[in-house]
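Enquirer: got a predicted structure plus its sequence, pasted below:
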Amino acid sequence: MGAYFIRRFLLIIPTFIGVTMIAFFITRMVPGGPLDRAIMQFRMGAAMEGGADIAGAGGGQIPEAALQELKRAFDLDKPWYAAYALWLGKLARLDLGNSYQYREPVAGLVADRLPVSMYFGLLGFTLAYLICIPLGIVKALKHGSRFDFVSSAIVFVGYSIPGWAMGALLLVLFAGGQFYAWFPLGGFRSSAYDDLPAMVRQWEDIDQVSDEFGTFQWDQMSLRSRVIDQVHHTVLPVFCYMLGSFASLTVLMKNSLMENLGKDFVRTAFAKGLSPRRVVYLHTLRNSLIPIATGLGHALGVLMAGSYLIEYVFNIDGIGYLGYTAIVGRDYTVVMGILSINILLLLVGNIFSDMLYAMIDPRIRFE
Amino acid sequence: MTMQTQTHDSPAHAATANPGPLLEVRDLKTYFRTEAGISKAVDGVSFEVLPGEILGIVGESGSGKSVACLSVLRLIPDPPGYIAGGEIRYRGEPLLEKSYAQMRAIRGNEIAMIFQEPMTALNPVFTIGMQVMETLRRHQRLSRRAARERAVEMLDAVKIPDARKRMKDYPHQFSGGMLQRVMIAIALCCNPRLLIADEPTTALDVTTQSQILDLMLELKARRDDASILLVTHDLGVVAETCDRVVVMYGGKVQEVGSATRIFGQPRHPYTHGLLASLPSRHRKGDGPLYTIPGNVPSALDMPTGCKFCTRCDRVFDRCRLEEPPLHRLPDGSAVRCHLLEEEAR
């Protein structure tokens, strides 16, 4: 079995190259690349300075030499495959390159935002499992009941609404103040004293949590205040994160348990005189969890789970938001950087899933 | 109409300490709710298992024999099934009136059951050892270690080679015949008085079938007062093993009698048909094997008269109108057929 997984790990390399190559090719083909943006910025800068500038009398024309310089900076002077090879070579040395927009190393940008996305990813993932598994079990045991019917209806309505659309709706309903203002409009945490929930402001003195320049210092607050503020900002986005996986996980759990409850070994267990509790929660559940548990392998992907659109809607500066602005701003080094990490986590996660599968189900042996 | 067999045809080796029947099923009715209406899978079945005997229940698929057996342990999935009426007495005690907890103390302990498909009857994610020990520990106050020792003994007794080592193996690592041995070990580990074997050899190949039957008989021989209720559609199996036979068709008992009588002088046309379709009985050898024409009607549209009238080769008008009663014969056996009256006239 070890040999099998070594082979699987080695297969990551060609898959990774294939995917990133396609993505890289697309970034080259799509109009409005970094060069175009640089030229545009140059022109706008020229126009603002009233024409009297380094560009000379060309009326915003970029001199040929500068253009070549720019092209070289973006590796646009080479054919795409040569540029891709260069990018891959740098990646092999763990260098993701610099962001065009931020003029910072991509690795640093990602690392800065990783905790935010991990927080939402892990929380959403854990909550989804904690809620969906018991819910699925109850639904299976009460199949056909009113509870089963109503919860199915709710779960499927939730499933058919995209998380970001639900986010916008929730913001209008519960954050905008038009109906209620229970939650903040966005952000990962409060960035100013006035953003804090009213109850926290009751006991947090503005002078205590601001430095000498009057800047709000979130870390200076008491633990209680920090927890409340964090939860306050978390509820709505986490709800949106869970929305999609909720239905599939609940229904998977329910169907899996129902299917196994009809199996012969359940009848055997009853015929042995075992209690219904033991039959359901040990014999049947153990079998039903196999398809659920394999999904745990994808927990790796959760580290980068930032959804582009949900983070955008809630104005959370995580990986998703970074990715979104990178795509809009044609910041291709960032796009490629995030893509590479995501692909790697996905591929490794798949292998982890299979390993879990082999561990949980004695019938599975990979050769 | 209930069957009134007398006990004087009980086999000679039956223990006399407990004179009454070990299991007594009276007018059992097990129905299933379906979208097309109520399906009467078992409709007024009566039979009894005497201490020490092997009783065979035979009949084609759909005759209600498995449902009758599952009803004894109250293992009918509800919904859609339910026991609509009748009485089941085990050692004189009414099982249908037992609480759920009392019933659980009987299952696997006093009355054990083995099933048709050994490949699916065991839980695929637990070891064989765990599944044997689990039953032992459920019914007997045994330490883990004692239960393990007893489980190894049982696996040895059912002739699983290298039993101690195989305790750690999972069901998929065993063949069908070996799994049925494990099932027998689980069923017998608490020394039940009654073993219900629901088509225990049907899913196995022929050589394994006889090994499993021999094993059951051998283990049965160790405890004189223990009984086996053997459900099968294979008359060959019945001939080899059973003392008495109940022939079922259409959810009803059609004929009851000692194995010798049933095989020697079958009285019911259905029993005739079953025997005639046995390959070994087809003495001429050349012509096609006899088959009972038609199929078992669905439990949803059984004929109003005799259940077998749609397929019987000796059917007459009365059969279609009126269901025959179970006629009792002097030797204690019984036959549900109008022909007996006609012949008596």
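Expert: Nice, thanks for sending it over.
Enquirer: how about the helices in the stretch 151-300 of chain A?
Expert: Taking DSSP state H, counting those that start in this stretch to define them, one finds helices in the stretch 151-300 of chain A at A:163-170, A:198-203, A:223-261, A:264-271, A:276-278, A:285-294, A:299-302.
Enquirer: then the stretch 51-200 of chain B?
Expert: Assignment of helices within the stretch 51-200 of chain B using DSSP H, counting those that start in this stretch yields the ranges B:65-72, B:100-106, B:118-121, B:128-139, B:144-157, B:163-166, B:176-188.
Enquirer: so which of the ones you listed is nearest residue B:302?
Expert: Smallest distance to residue B:302 across those (C-beta to C-beta): 14.2 Å, for helix B:65-72. Any C-beta I mention is one placed from the backbone N, CA and C, and that applies to glycine too.
Enquirer: which residue is it, in the stretch 1-150 of chain A, that comes closest to chain B?
Expert: With C-beta to the nearest C-beta as the measure, residue A:144 is the residue of the stretch 1-150 of chain A nearest to chain B, at 8.8 Å.
Enquirer: re earlier: kindly reformat the helices of the stretch 51-200 of chain B as TSV containing mean neighbour count.
Expert: Putting those into TSV (neighbours: other C-beta atoms under 10 Å in any protein chain shown) gives the following:
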stretch	mean neighbour count
helix B:65-72	24
helix B:100-106	14
helix B:118-121	22
helix B:128-139	22
helix B:144-157	18
helix B:163-166	16
helix B:176-188	24
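Enquirer: adding distance to residue A:359 and mean pLDDT, write these out as TSV.
Expert: Shown next, in TSV, are the helices of the stretch 51-200 of chain B (distance: least, C-beta to C-beta, whole Å; pLDDT from 0 to 100):
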stretch	distance to residue A:359	mean pLDDT
helix B:65-72	36	89
helix B:100-106	33	88
helix B:118-121	23	88
helix B:128-139	17	90
helix B:144-157	24	89
helix B:163-166	22	89
helix B:176-188	24	88
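Enquirer: okay if I get those as CSV plus distance to chain A?
Expert: Putting the helices of the stretch 51-200 of chain B into CSV (distance: least, C-beta to the nearest C-beta, whole Å) gives the following:
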stretch, distance to chain A
helix B:65-72, 8
helix B:100-106, 5
helix B:118-121, 4
helix B:128-139, 5
helix B:144-157, 13
helix B:163-166, 14
helix B:176-188, 7
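Enquirer: could you chop the chain up by domain?
Expert: Looking at chain A here, since you left the chain open. The record assigns chain A these domain ranges, following automatic domain parsing: A:2-92, A:114-360.
Enquirer: look at chain B instead
Expert: Chain B is divided into the following domains under automatic domain parsing: B:7-101+B:196-344, B:111-191.
Enquirer: most tightly packed of the ones you listed?
Expert: Of all the domains of chain B, domain B:111-191 has the most neighbours on average by mean count of other C-beta atoms under 10 Å in any protein chain shown, namely a mean of 20.
Enquirer: who in the stretch 151-300 of chain A is up against chain B?
Expert: Selection of the stretch 151-300 of chain A residues close to chain B by C-beta under 8 Å from any C-beta of the partner chain yields A:263-265, A:267-275, A:283, A:286-287, A:290.
Enquirer: buried subset of those?
Expert: A:263-265, A:267-274, A:283, A:286-287, A:290 (16 or more other C-beta atoms under 10 Å in any protein chain shown).
Enquirer: so where's the chain shaky on pLDDT?
Expert: Since no chain was named, I'll use chain A. For chain A, the stretches flagged by pLDDT under 70 are A:45-61, A:209, A:214, A:299, A:301-306, A:367.
Enquirer: switch to chain B, that's the one I care about
Expert: Across chain B, residues meeting the criterion (pLDDT under 70) sit at B:1-19, B:280-287, B:344-345.
Enquirer: mind doing that once more with 50?
Expert: Low-confidence regions of chain B, defined here as pLDDT under 50, cover residues B:1-18, B:281-282.
Enquirer: mind naming the longest helix for it?
Expert: Of all the elements of type helix in chain B, the one with the most residues (DSSP state H) is helix B:206-222.
Enquirer: what does that helix rub up against?
Expert: B:54, B:157-159, B:175-177, B:180-181, B:184, B:188, B:195, B:197, B:200-201, B:204, B:226, B:228, B:237, B:240-241 (C-beta atoms under 8 Å, 6 or more residues apart in numbering or on different chains).
Enquirer: repeat for stretch A:332-349
Expert: Stretch A:332-349 has contacts (C-beta under 8 Å, 6+ apart) with A:12, A:15-16, A:19-20, A:23-24, A:27, A:33-34, A:87, A:91, A:96-102, A:106-107, A:109-110, A:297-301, A:303-304, A:319, A:322-323, A:326-327.
Enquirer: list the contacts for residue 234?
Expert: Using chain A here. By C-beta under 8 Å, 6+ apart, the residues touching residue A:234 are A:119, A:120, A:123.
Enquirer: should've been chain B
Expert: Under the criterion of C-beta under 8 Å, 6+ apart, the neighbours of residue B:234 are B:58, B:201, B:202.
Enquirer: count of neighbours near the nearest residue to residue A:158 once chain neighbours are set aside?
Expert: On the basis of C-beta to C-beta, 6 or more residues apart in numbering or on different chains, the spatially nearest residue to residue A:158 that is not a chain neighbour turns out to be residue A:243, at 5.1 Å. When counting by other C-beta atoms under 10 Å in any protein chain shown, one arrives at 24 neighbours for residue A:243.
Enquirer: for residue A:121, see how far away residue A:243 is.
Expert: 14 Å (C-beta to C-beta, to the nearest Å).
Enquirer: how about residue B:89?
Expert: From residue B:89 across to residue A:121, the span is 62 Å (C-beta to C-beta).
Enquirer: next one: the longest helix of chain B to chain centre, how far?
Expert: Computed by C-alpha atoms, centre = their mean, to the nearest Å, the separation of helix B:206-222 from the middle of its chain amounts to 16 Å.
Enquirer: could I get the CA-only coordinates of it as CSV?
Expert: Output of helix B:206-222 as CSV, limited to C-alpha atoms (Å, rounded to 0.1, in the frame of the first residue of the first chain):
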residue,chain,number,x,y,z
VAL,B,206,-23.3,-27.6,-3.3
THR,B,207,-20.3,-29.1,-1.5
THR,B,208,-20.3,-26.3,1.1
GLN,B,209,-24.0,-26.9,1.6
SER,B,210,-23.6,-30.4,2.8
GLN,B,211,-20.7,-29.4,5.0
ILE,B,212,-22.8,-26.7,6.7
LEU,B,213,-25.7,-29.1,7.1
ASP,B,214,-23.5,-31.8,8.6
LEU,B,215,-22.0,-29.2,10.9
MET,B,216,-25.5,-28.2,12.1
LEU,B,217,-26.5,-31.8,12.7
GLU,B,218,-23.2,-32.5,14.5
LEU,B,219,-23.7,-29.5,16.8
LYS,B,220,-27.3,-30.4,17.3
ALA,B,221,-26.3,-33.9,18.4
ARG,B,222,-24.4,-32.3,21.3
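Enquirer: circling back to that earlier point, count the neighbours of the residue of the stretch 1-150 of chain A closest to chain B for me.
Expert: For residue A:144, the count of nearby residues is 9 (other C-beta under 10 Å).
Enquirer: just the one 4 residues further on next, same as before
Expert: Applying other C-beta under 10 Å, we find 16 other residues in the vicinity of residue A:148.
Enquirer: list of residues touching the helix or strand hosting it?
Expert: If you go by DSSP states H and E, residue A:148 is part of helix A:146-160. With C-beta under 8 Å, 6+ apart as the contact definition, helix A:146-160 has outside contacts at A:135, A:138, A:139, A:142, A:166, A:243, A:244, A:246, A:247, A:248, A:250, A:251.
Enquirer: which residue is the nearest non-sequential neighbour of the fifth one?
Expert: Right, the one you point to is residue A:166. Counting by C-beta to C-beta, 6+ apart, residue A:166 lies nearest to residue A:240, which is 5.2 Å off, once chain neighbours are set aside.
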